[in-house]
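K.L.:
3D, please:
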Amino acid sequence: MVPAPEAGRDPASSVRARLLVPREIGPFRILRQIGEGGMGIVFLAQQERPTRTVALKVIHASLLSPRTLRRFEQEAEVLARLQHPGIAQIYQVGTYATEQGVLPYIAMEYVEGERLDHYAAQHALGLRARLELAALLADAVEHAHQKGVIHRDLKPGNVLVTREGLPKILDFGVARLNDDDDSRTTTLRTDVGALMGTLTYMSPEQASGDPAAIDNRSDVYSLGVVLYELVSGKLPYYLERTALPEAVRVIQQEEPSKLSTHDRALRGDVETIVLKALEKDKTRRYASAEALAADIRRHLSNEPILARAPSTWYQLSKFARRNQVLVSGLAAVLLTLLAGVAVSTHLWLRERGANTRERAARLEAESQQKHAEAAASFLVSLFAGIDPAVARGADTTLLARILGD
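P.N.:
Have a look, this model is predicted:
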């Protein structure tokens, strides 16, 4: 029900914590431990009035501090707001006395089921069944958003699927409450620069460490990662053994692999829906979990989806933003080539103009020369024809021919 113990935890501290837990906590009789996380232990317990089995979450005594106590109290407040079949219900919040002091507990609905990804694999679910699960999960997230709650840690490990096939969201330990009534935002362990949640499923704005940048669309992104993994069995990014700064860079800058690279059957609507949920720019994502669920159901009903694949121009602009150094270098080379072409063209046109003028001058000179030769010939003939005996009328004919020209 809860994440596995954090890496680096002292196993001895967990043992000591378990030994200090009494056989009963308030009105609950402890049956067995069913989970453990970095903040506390979850027990299966029996309540007498009313008679029911509950999941009882308590803080590790060794980890009790004002900070963890605030986080614990916030989870109780979050769960108290939520009443939805897709969210584990809270029953009771209380405290109990121990040798280490008074410790708080949360009694909540015990969900018997399998984590989301294991359930899909164990039952060999087809694509349609997986999409139906994702739509139900988005419905539950939308309910939380409507109640002013952002989960901030949606992942398969925080979703159990019951025997009836209903997904239920667990662990609101890092959720955020948005209280619109008094324009306050209540957060826990979310100072600027602190990362809350699981990095693999974290949105780019959440990975930045700025809590002010997080809103409902951050959960939509996490739903997109969950959906991507649910239908393909792969994650959009390979972050295993990746240093934190590089992992954050990948989430914020690298584009996820298309679903069709894993399975060609996912090309089309499903790929378009998932990629819209995974948009880096949250303004281009689905505006709500409800909108994501609606598009999934449109696809399942063979209706046109509202999401559209990014245009070629948009993809080119994103490529340019991701590869500014490369694009700047190519632009510089292109400008140099264009400048060279412009200079060459100018020189060619100038040379061509000079050649044209030279040819015109040559033709003009040849024309003048012809006229000069004709005039000279006329004068020679004119003088030669002064003696009528010699000319015999040829002078008159020659003159008429020249004048006629």
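K.L.:
Please go through the chain and pick out the longest helix.
P.N.:
The longest helix of the chain (DSSP state H) is helix 324-384.
K.L.:
I'd like to know which elements that one is packed against.
P.N.:
helix 394-404 (3 or more Cβ pairs under 8 Å, 6 or more residues apart in numbering; DSSP states H and E). Where C-beta positions appear, they are placed from N, C-alpha and C, glycine not excepted.
K.L.:
average pLDDT across the helix it packs on?
P.N.:
Mean per-residue pLDDT for helix 394-404: 59.
K.L.:
hang on, the earlier thing: run the chain-centre distance for the longest helix of the chain.
P.N.:
59 Å (Cα atoms, centre = their mean, to the nearest Å).
K.L.:
in the protein, which spans are helices?
P.N.:
11-19, 66-81, 116-122, 127-146, 204-207, 216-232, 244-253, 269-277, 289-300, 312-322, 324-384, 388-391, 394-404.
K.L.:
Ranking those helices by mean neighbour count, which comes first?
P.N.:
Comparing the helices of the chain by mean neighbour count (mean count of other Cβ atoms under 10 Å), helix 216-232 comes out on top with a mean of 25.
K.L.:
May I see the helices of the chain organised as TSV, with distance to Tyr91 added?
P.N.:
Below are the helices of the chain laid out as TSV (distance: least, Cβ to Cβ, whole Å):
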stretch	distance to Tyr91
helix 11-19	23
helix 66-81	9
helix 116-122	24
helix 127-146	18
helix 204-207	30
helix 216-232	25
helix 244-253	37
helix 269-277	33
helix 289-300	26
helix 312-322	48
helix 324-384	54
helix 388-391	142
helix 394-404	125
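K.L.:
ok, Pro85 - contacts?
P.N.:
Listed by Cβ atoms under 8 Å, 6 or more residues apart in numbering, the contact set of Pro85 reads Ala140, Leu166, Lys168.
K.L.:
Looking at those, which one is closest to Leu127?
P.N.:
Taking Cβ to Cβ as the measure, Leu127 sits nearest to Leu166 out of those, at 19.1 Å.
K.L.:
so which of the helices of the chain comes closest to Gly157?
P.N.:
helix 116-122 (8.1 Å).
K.L.:
give me the number of residues near Ala97?
P.N.:
Residues near Ala97, counting by other Cβ atoms under 10 Å, number 9.
K.L.:
ugh, typo on my part, it should be Ile59
P.N.:
Residues near Ile59, counting by other Cβ under 10 Å, number 20.
K.L.:
That one and Thr198: what is the separation?
P.N.:
Ile59 is 21 Å from Thr198, where distance means Cβ to Cβ, to the nearest Å.
K.L.:
which residues touch the closest residue to Gln33 other than its chain neighbours?
P.N.:
Nearest in space to Gln33, with sequence neighbours left out and distances taken as Cβ to Cβ, 6 or more residues apart in numbering, is Phe43 at 5.5 Å. Applying Cβ under 8 Å, 6+ apart to Phe43 gives the contacts Val21, Ile25, Ile30, Leu31, Arg32, Gln33, Ile34, Ala55, Leu56, Lys57, Val58.
K.L.:
what does the model give Phe43 for pLDDT?
P.N.:
For Phe43, pLDDT reads 93.
K.L.:
same question, Leu133
P.N.:
Leu133 carries a pLDDT score of 97 in this model.
K.L.:
nearest residue to it other than its sequence neighbours?
P.N.:
Among residues not flanking Leu133 along the chain, Pro167 sits closest, at 5.6 Å (Cβ to Cβ, 6+ apart).
K.L.:
same check, this time on Asn158
P.N.:
In space, Asn158 is closest to Asp171, 4.7 Å off (Cβ to Cβ, 6+ apart).
K.L.:
Among the contacts of Pro85, which one sits closest to Val159?
P.N.:
Closest approach to Val159 among the contacts of Pro85 (Cβ to Cβ): Lys168, at 6.9 Å.
K.L.:
Quantify the burial of the closest one by counting its neighbouring residues.
P.N.:
Number of residues near Lys168 (other Cβ under 10 Å) recorded here: 23.
K.L.:
Isn't it up against Thr162?
P.N.:
Yes - applying Cβ atoms under 8 Å, one finds Lys168 in contact with Thr162, separated by 6.5 Å.
K.L.:
Now do the shared contacts for the two.
P.N.:
Among the neighbours of Lys168, those also in contact with Thr162 (Cβ under 8 Å, 6+ apart) are Val111, Gly113.
K.L.:
one step back: okay, the contacts of Pro85 in CSV with pLDDT next?
P.N.:
As requested, the contacts of Pro85 are exported to CSV (pLDDT from 0 to 100):
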residue, pLDDT
Ala140, 96
Leu166, 96
Lys168, 96
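K.L.:
Next, format those residues as a markdown table and append distance to Thr283.
P.N.:
Compiled in a markdown table, the contacts of Pro85 are given as follows (distance: Cβ to Cβ, whole Å):
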| residue | distance to Thr283 |
| --- | --- |
| Ala140 | 24 |
| Leu166 | 32 |
| Lys168 | 31 |
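K.L.:
Closest to Leu82 out of those residues?
P.N.:
For the contacts of Pro85, the nearest to Leu82 is Ala140 (8.6 Å; Cβ to Cβ).
K.L.:
Kindly provide the distance from Glu73 to Gly35.
P.N.:
The gap separating Glu73 from Gly35 is 20 Å, by Cβ to Cβ.
K.L.:
Leaving out the residues flanking it, which one is nearest to Ser208?
P.N.:
Looking at Ser208 with Cβ to Cβ, 6+ apart, the closest residue is Gln252, at 7.1 Å.
K.L.:
In contact with the residue nearest to Leu133, which residues?
P.N.:
Counting by Cβ under 8 Å, 6+ apart, Pro167 has contacts Gly86, Leu116, Leu133, Leu136, Leu137, Ala140, Val159, Leu160, Val161.
K.L.:
Show me this structure divided up by domain.
P.N.:
What automatic domain parsing lists as the domains of the chain is 11-109, 113-322, 323-405.
K.L.:
just flag whichever of the ones you listed has the lowest average confidence.
P.N.:
domain 323-405 (a mean of 68).
K.L.:
follow-up on the earlier one: ok, which of the helices of the chain comes nearest Val102?
P.N.:
Closest among those, using Cβ to Cβ: helix 66-81, at 10.1 Å.
K.L.:
Now do the closest one and helix 127-146, the angle between them.
P.N.:
Angle of helix 66-81 versus helix 127-146, following axes from the mean of the first three to the mean of the last three Cα atoms, to 10 degrees, is 110 degrees.
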